[in-house]
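Chemist: What follows is a predicted protein model with its sequence.
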Amino acid sequence: MDPAQPLPTPRTKGKTFSCDECGKGLTTSRSLKQHKRIHTGERPFECGICGKAFALSGSLQSHMRIHTGEKPYSCEQCEKTFTQLSSLKTHVKIHIGERPFSCEQCEKTFTLSSYLKEHLRVHTGERPYSCEQCDKTFTHSSSLKTHMRLHSGEKPFECGLCGHVFTQSKYLQSHMRIHTGERPYSCEQCEKTFSHSSTLKNHMKIHTEEKEYSCDECGKSFSHTSGLWYHKRVHDGLKRYECEQCGKRFSLSQDRERHMRIHTGERPYRCEQCGKTFTYSSGLKTHMRVHTGEKPYRCDQCEKTFSQSSNLKGHMKKFHTEEKQL
């Protein structure tokens, strides 16, 4: 061996290219070039949507899935999907029961040491991440990052169907149910389904008869403050929101927004089975019965069933009016 050449180490043995900064050995010149960006801080690959920059093109590609919602890595056991392979590998530990990191204070176990480290802040009360604008503190850096969007106004998650933007991916995922008609949360008492768990929670008050919000004008009570607020518009009679196209007025802004679709032709609710689109979510819900065969409206005279309440009313008028008069 040439005495001028350094002896191979575990970091460089069998590797041709060595980093001048830290001595790490790489197998190709390309790998060495990419590695050196750790030391130089160079980030040549920039996201065109949010401006975040990366040292590697592969990192940018993975990052773009945050905006597109693409999740190409799927768990074979539960079909849950992930944007990154590393997240899938971590998730698989849930199924095999591998949780090697244990909290000494409460004996809770974790799949990763980083999860344990974050968990310990529950016991210590440590909140090391602070917002420079409002001094609010957080236990996780991700929570601070999300919080900062309140100040910056950044909404990096965009719906590809209607253009609505959101500060968090979970809000976009929740919003997408408006278009797909998905209602994964079901009431065990009446089988009514909902798009969001919070809506189901509020709905359950109907069954418990919990109505703590009462109208001062007429005494009618409501399960939610929003219900009381909407109801009070009945008493003031004001229609504050006017359509600029036809002059029609509405008590609620969301009623005007829905009405505007008549003028714009917007039909944001799409059937995944046949592609037909609808102006309102109720139209999509009714249409889906064509595919499912569901007929929830039953005639109490002859037990004939219908997919729409209007069809039942028409049936009653045509065939059972005289029976009711008798």
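Modeler: Cool, got the structure.
Chemist: what residues does stretch 305-325 touch?
Modeler: With Cβ atoms under 8 Å, 6 or more residues apart in numbering as the contact definition, stretch 305-325 has outside contacts at 286, 289-290, 294-299, 301-302, 304. (C-beta placed from N, C-alpha, C; glycine too.)
Chemist: Now the two most distant members of these.
Modeler: 290 and 301 (25.0 Å; Cβ to Cβ).
Chemist: Just the helices from the chain, written as ranges.
Modeler: Ranges of helices in the chain, per DSSP state H, are 29-40, 57-68, 85-96, 113-124, 141-152, 169-180, 197-208, 225-236, 253-264, 281-292, 309-319, 321-325.
Chemist: wait, which of these is closest to residue 163?
Modeler: Closest to residue 163 of those, according to Cβ to Cβ: helix 169-180, at 11.1 Å.
Chemist: for the closest one, packing partners?
Modeler: With contacts defined as 3 or more Cβ pairs under 8 Å, 6 or more residues apart in numbering; DSSP states H and E, the secondary structure elements packing on helix 169-180 are strand 157-158, strand 269-270.
Chemist: right, and residue 133 touches residue 151 too?
Modeler: Yes. Assessed by Cβ atoms under 8 Å, residue 133 is found in contact with residue 151 at 5.0 Å.
Chemist: need the contact list for the residue nearest to residue 55 when sequence neighbours are not counted.
Modeler: Of all residues not flanking residue 55 in the chain, residue 37 sits nearest, at 4.1 Å (Cβ to Cβ, 6 or more residues apart in numbering). Residues near residue 37 by Cβ under 8 Å, 6+ apart: 43-44, 55-56.
Chemist: where's residue 37 relative to residue 120, distance?
Modeler: From residue 37 over to residue 120 the distance is 33 Å, taken as Cβ to Cβ, to the nearest Å.
Chemist: can you check residue 24 too?
Modeler: Relative to residue 120, residue 24 is positioned 32 Å away (Cβ to Cβ).
Chemist: How about residue 196: what's its closest non-neighbour residue?
Modeler: Beyond its immediate neighbours in the sequence, the residue positioned closest to residue 196 (Cβ to Cβ, 6+ apart) is residue 174, lying 6.1 Å away.
Chemist: let me fix that: residue 85
Modeler: Computed as Cβ to Cβ, 6+ apart, the closest residue to residue 85 that is not its neighbour in sequence is residue 73, at 5.3 Å.
Chemist: I figured that neighbour hits residue 88, correct?
Modeler: Yes. Here residue 73 reaches residue 88: they are 4.2 Å apart, a contact under Cβ under 8 Å.
Chemist: and for those two, which residues touch both?
Modeler: Common contacts of residue 73 and residue 88 (Cβ under 8 Å, 6+ apart): residue 82.
Chemist: Run through this structure and note the low-pLDDT ranges.
Modeler: 1-15, 209, 322-326 (pLDDT under 70).
Chemist: so what's residue 31 up against?
Modeler: Counted by Cβ under 8 Å, 6+ apart, residue 31 has contacts residue 17.
Chemist: if I look at it, how far off is residue 18?
Modeler: According to Cβ to Cβ, residue 31 and residue 18 sit 11 Å apart.
Chemist: now do residue 262
Modeler: Residue 262 sits 69 Å away from residue 18, going by Cβ to Cβ.
Chemist: When the two are compared, which one has more neighbours?
Modeler: Here residue 262 and residue 18 are set side by side on neighbour count (other Cβ atoms under 10 Å), and the busier one is residue 18, at 17 against 13.
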